[in-house]
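K.L.:
Let me see the structure of the following:
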Amino acid sequence: MTNNFVQKLCGELTFRVTEENLKIRAEQLRARLQVYPVMLITQALLEPLFVWLFWDHNNHLNLLAWLICFYAIHAIDTYQWLRGRDKLSTIQECRRMSLHFNIFTGLTAIMWGLTALYFFPDDLTYQALLICISLGLAAGAITLDSVYPPSLYIFVFGVTLPLLARLLLVGAQTQMLLAGMLLLFLYATISAGRALSLTFWKSLWQRHENDFLVEQLTMQKAIAETANHDKSRFLATASHDLRQPLQALLLFSESLQEVAVEEECRQLSTQIGKSVGALVDMFDELLDISKLDAGVVLANMQNFAVQEVLERLYSEFHPLTAAKGLTLDMHRTDFYCYSDPLLLERILRNLISNAIRYTDYGTVSVKCKSEDNLLQFSVTDTGIGIRATSLPHIFEEYYQVANQHRDRLKGLGLGLSIVRRMEVLLGCHVSVISKPALGSSFSFLLPQSVSEKIPLPQNNIQNQHDISGTIVALVEDNPEIRLIASKLIKQWGCRIFEGELPQEVQNNMILAGVSPDILICDYRLPLGITALDCINQFRQHWHRPIPAVVLTGDTAPQTMHEIQASGAILLHKPVTPARLRSVVYFALRNDHSIVAAVRQA
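P.N.:
Numbers count the residues shown, from 1 in each chain. Have a look, this model is predicted:
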């Protein structure tokens, strides 16, 4: 046990500085530097008091010489401290400061130890006074030097051991008793000092560990953010690349259904159309997430009749519920609501679609009732229900109850995630109550209104619109999409000038002596050109704000913001011919509210 204590004591006295403990050692030295001025001032005031107290019991010249030497040590110590107090960033600097502390702490301790050897009085009263001064110095070292163990041990032993030796040399009974008491005090002082030093060391170590963990977490967070950014960039690129052939496939499918005459061909084209439509729906769900996260979807708050929304939803979902043998219960209401009708319709559509998907028998009920100037919308089903363990996760992306095999007929699991994002725009919160095998009920509140309604765009907004005679500039680098789009636009009675690059289309229009009524442009074009460059080029040449529709498969938030800022209409591929025609029709008439409705429909 004694050997272990000695080994630990020697380890604390050596104060080794390595790469592993550099930060902690530097903190210990800084803590010692902070109390350094207090120690110097205390010593500088105590020393002349000692000389005054013992002036009549010792040689005056010796006392003055002792005091002058002490002040010289303090002066050199202060100078060295001022030079090196801010240099603790390397192992060498820490070792240099540690050596400085040890040297000047040792010199200070020796000077106080000399008082017991050269100024030890014969008067027992003054002997007791000298002992009290030494004990006070040792006790002070516990509080000030415990942050730096070598100074603690050097100072305490340097002050008390000479005094202990002098008492033992006197050999009288009283002095022997005082020596024994001093020895006990020395043990208690060292033990208390070591305990404080260990506590300080542990606090520094824990803080170092916490800092290290924070540093690691910050690093891992940065790696995760980089990976997420790379993933988003990859998905945006992949989305763009996949939407290009999908857009061509959609246009070809539409054309095939129009020209198919034989019954077998009609059935095949219809099945192809359904498969393409399912694929488009999945892309649209991903696109909705991107647009909502990018913040490009804004709520258009207005007064409207709730019944109009419910009627459209009923006409849309009644055939689906009838095909599954379900009852769609949608109560008639005369209430008016103040909200965004399109976002409300989308929330209800997602909730109703989920209810039908997970209900095999019984009823899907949609209700709207008034409650304290609020309208409570609810969608209730008698389906499979949701377990309590699954309820916290149902609004997460790609999470689906009872679809472990990822049946594509059950969607991607983004419907409720989209609902969660849309409710933020409307300032509501969708809550759910569910019991397994009994069904689920989703509900939320919106402000009620008694004002006149604002006419709401109907679903037939994408019906045929006459745009014959319109001069269309089409800039598209994909030859297949450009070919089929040109044929469709010509079938609408338009005159079209198409090409791969803006300059090519512009030159053809200049030669024909015409200017475009509207510009339809893919976002990414060859040679690093974008649709924004194309729009600016056309508008500057013809000196007027030509309406523009930008088609893109890019879902990056920055891209969407830039297109919106240009005043162009953003449509994500794949775009159905009916939607494109409707957007062109209303864009030519500068009807932005209808255009927004078409885009969100």
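K.L.:
Every contact and neighbour count from this point should use C-alpha atoms.
P.N.:
Fine.
K.L.:
Extract the residue ranges of the chain that are flagged as low pLDDT.
P.N.:
1-13, 228-261, 266, 269-271, 273-297, 393, 397-415, 451-464, 555, 591-601 (pLDDT under 70).
K.L.:
Which neighbouring elements make contact with whichever strand or helix holds Leu344?
P.N.:
Element membership of Leu344, judged by DSSP states H and E, is helix 341-357. In terms of contacts (3 or more CA pairs under 8 Å, 6 or more residues apart in numbering; DSSP states H and E), helix 341-357 is packed against helix 306-323, strand 363-371, strand 374-381, helix 415-426.
K.L.:
contacting residues around the shortest one?
P.N.:
Translated: strand 374-381. 337, 348, 351-352, 355-356, 359, 362-370, 439-448 (CA atoms under 8 Å, 6 or more residues apart in numbering).
K.L.:
List every C-alpha atom in it, with coordinates, as PDB.
P.N.:
Output in PDB follows, covering the C-alpha atoms of strand 374-381 (Å, rounded to 0.1, in the frame of the first residue of the first chain):
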ATOM      1  CA  LEU A 374     -64.600  25.800 -36.100                       C
ATOM      2  CA  LEU A 375     -65.300  23.100 -38.600                       C
ATOM      3  CA  GLN A 376     -64.300  19.600 -37.600                       C
ATOM      4  CA  PHE A 377     -63.500  17.400 -40.600                       C
ATOM      5  CA  SER A 378     -63.300  13.600 -40.000                       C
ATOM      6  CA  VAL A 379     -62.600  10.600 -42.100                       C
ATOM      7  CA  THR A 380     -63.700   7.300 -40.300                       C
ATOM      8  CA  ASP A 381     -63.500   3.800 -41.600                       C
END
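K.L.:
Phi and psi next, for the residue lying farthest from the centre of the chain.
P.N.:
Using CA atoms, centre = their mean, the residue of the chain lying farthest from its centre is Ala172. It sits 76.2 Å away. Ala172 has phi and psi values of phi -70, psi 160 when expressed as degrees, to the nearest 10.
K.L.:
ok, His572 - contacts?
P.N.:
287, 551-554.
K.L.:
Distance to Arg544, secondary structure and neighbour count added to those, as CSV?
P.N.:
Formatted as CSV, the contacts of His572 follow (distance: CA to CA, whole Å; DSSP: H, G, I helix; E, B strand; the rest coil; neighbours: other CA atoms under 10 Å):
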residue, distance to Arg544, secondary structure, neighbour count
Leu287, 32, helix, 19
Leu551, 21, strand, 23
Thr552, 24, strand, 25
Gly553, 28, coil, 25
Asp554, 27, coil, 24
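K.L.:
Next, the angle from the lengthiest strand in the chain to helix 341-357.
P.N.:
Ordering each strand of the chain by length in residues (DSSP state E) puts strand 439-449 first. Relative orientation of strand 439-449 versus helix 341-357 (axes from the mean of the first three to the mean of the last three CA atoms, to 10 degrees): 170 degrees.
K.L.:
how distant is strand 439-449 from the center of its chain?
P.N.:
31 Å (CA atoms, centre = their mean, to the nearest Å).
K.L.:
And the host helix or strand of Asp329, what does it pack against?
P.N.:
Here Asp329, judged by DSSP H and E, is contained in strand 327-330. With contacts defined as 3+ CA pairs under 8 Å, 6+ apart, strand 327-330 has these neighbours: helix 306-323, strand 363-371.
K.L.:
Alpha carbons of that strand, as CSV, please.
P.N.:
Listed next in CSV are the C-alpha coordinates belonging to strand 327-330 (Å, rounded to 0.1, in the frame of the first residue of the first chain):
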residue,chain,number,x,y,z
THR,A,327,-70.3,2.3,-48.5
LEU,A,328,-69.0,5.9,-48.9
ASP,A,329,-71.0,8.0,-46.4
MET,A,330,-70.5,11.7,-47.1
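K.L.:
Count the residues that sit near Cys428.
P.N.:
For Cys428, the count of nearby residues is 15 (other CA atoms under 10 Å).
K.L.:
Need the three-state assignment for it.
P.N.:
coil (DSSP: H, G, I helix; E, B strand; the rest coil).
K.L.:
So for the helix or strand encompassing Leu169, what gets flagged as buried?
P.N.:
Following DSSP H and E, one finds Leu169 within helix 149-170. For helix 149-170, a neighbour-count test (16 or more other CA atoms under 10 Å) marks 149-164, 166-168 as buried.
K.L.:
Also stretch 131-138?
P.N.:
Buried, per 16+ other CA under 10 Å, within stretch 131-138: 131, 133-135, 137-138.
K.L.:
Redo those as JSON lines? Include secondary structure and distance to Leu22.
P.N.:
Shown next, in JSON lines, are the buried residues of stretch 131-138 (DSSP: H, G, I helix; E, B strand; the rest coil; distance: CA to CA, whole Å):
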{"residue": "Ile131", "secondary structure": "helix", "distance to Leu22": "39"}
{"residue": "Ile133", "secondary structure": "helix", "distance to Leu22": "36"}
{"residue": "Ser134", "secondary structure": "helix", "distance to Leu22": "34"}
{"residue": "Leu135", "secondary structure": "helix", "distance to Leu22": "34"}
{"residue": "Leu137", "secondary structure": "helix", "distance to Leu22": "30"}
{"residue": "Ala138", "secondary structure": "helix", "distance to Leu22": "29"}
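K.L.:
can you confirm Gly383 is in a strand?
P.N.:
No: looking at Gly383 with three-state DSSP, it is coil, so not inside a strand.
K.L.:
Distance of the nearest residue to it once chain neighbours are set aside relative to Gly439?
P.N.:
Sequence neighbours aside, Thr359 is the residue nearest to Gly383 in space, at 3.8 Å (criterion: CA to CA, 6 or more residues apart in numbering). For Thr359, the distance to Gly439 equals 8 Å [CA to CA, to the nearest Å].
K.L.:
Give me the common contacts of those two.
P.N.:
381-384.
K.L.:
Which members of the contacts of strand 374-381 are classed as buried?
P.N.:
337, 348, 351-352, 355-356, 359, 362-368, 370, 439-448.
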